[in-house]
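Participant: I'd like to go over a predicted model; first the sequence, then the structure.
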Amino acid sequence: MRGSLRPLLGVAMLVCGLGTAAAASDSSGYLHSAFQETYARAQIGHATTLGGAYDQSLREGRTADTLAAMFKACVRQHPQPAAAEYLLVGFVLQDGRMVNTQVAPADELGICFARAVAGLAFPPPPARYVPCAVALRFDGRTLQQLSAFPSAEAPPPPPAW
């Protein structure tokens, strides 16, 4: 009887091995879409009354001035030709810290901006949206902050890994 189970055991191991390999390839695909996932969550939050008001607060006043100054400082530190647009996404916690920041494109300027923003204290987001997904978009040529959601029909491309 032991001899007759060996072929079945071999087939079971092969099937399990293929299933594990498929799951690993699926999870790696998920890692590449984390940028788009965060952007989509920010877009959903923006569509709500509280989320839209919070996003607007990030584009006005002292927070907007601080973000613009950080972006301009990175442009001065990295004077290579800038991309047309920079999109940074992340989650703002209740204490105002941004975590899991990602930027596209991930060139020297974008990485500089992401690091600077990660150290910034943001206004606390609405309690029901914590952690609050946020998207910040800057024009690489004019150095001005833009609306992060110009069109719901054209989500941003994922960053190049």
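Facilitator: Cool, the structure landed.

Participant: May I see the domains of this structure written out as residue ranges?
Facilitator: 1-32, 34-146 (automatic domain parsing).

Participant: Output those as JSON lines; include the columns mean pLDDT and mean neighbour count.
Facilitator: (Glycine included, C-beta is placed from N, CA and C.) As requested, the domains of the chain are exported to JSON lines (pLDDT from 0 to 100; neighbours: other C-beta atoms under 10 Å):
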{"stretch": "domain 1-32", "mean pLDDT": "44", "mean neighbour count": "9"}
{"stretch": "domain 34-146", "mean pLDDT": "90", "mean neighbour count": "17"}
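
Participant: Verify the stated contact: Gly90 with Arg97.
Facilitator: No - Gly90 lies out of contact with Arg97 (C-beta atoms under 8 Å); the separation is 9.5 Å.

Participant: any shared contact partners between the two?
Facilitator: By the contact definition C-beta atoms under 8 Å, 6 or more residues apart in numbering, Gly90 and Arg97 are jointly contacted by Ala118.

Participant: does Leu136 have beta-bridge partners, and which?
Facilitator: With beta bridges defined as DSSP bridges, Leu136 has these partners: Leu88.

Participant: I'd like the numbering to begin with 463 instead of 1 from here.
Facilitator: All right, first residue 463 from here; so that's Leu598.

Participant: how close does it get to Gly523?
Facilitator: Applying C-beta to C-beta, to the nearest Å, the value for Leu598 to Gly523 is 15 Å.

Participant: Over to Glu570?
Facilitator: 29 Å.

Participant: do the same with Pro593
Facilitator: Distance from Pro593 to Gly523, by C-beta to C-beta: 22 Å.

Participant: Same question for Asp601.
Facilitator: 19 Å.

Participant: got it, and Leu582?
Facilitator: With C-beta to C-beta as the criterion, Leu582 and Gly523 are 14 Å apart.

Participant: same thing with Tyr591?
Facilitator: Distance, Tyr591 to Gly523, by C-beta to C-beta: 20 Å.

Participant: give me the element the nearest residue to Gln564 once chain neighbours are set aside is part of.
Facilitator: Leaving out its chain neighbours, the residue that sits closest to Gln564 by C-beta to C-beta, 6 or more residues apart in numbering is Phe497, at 4.8 Å. Element membership for Phe497, per DSSP states H and E: helix 496-508.

Participant: name the helices or strands packed onto that helix?
Facilitator: helix 511-520, strand 547-554, strand 560-566, strand 594-601 (3 or more C-beta pairs under 8 Å, 6 or more residues apart in numbering; DSSP states H and E).
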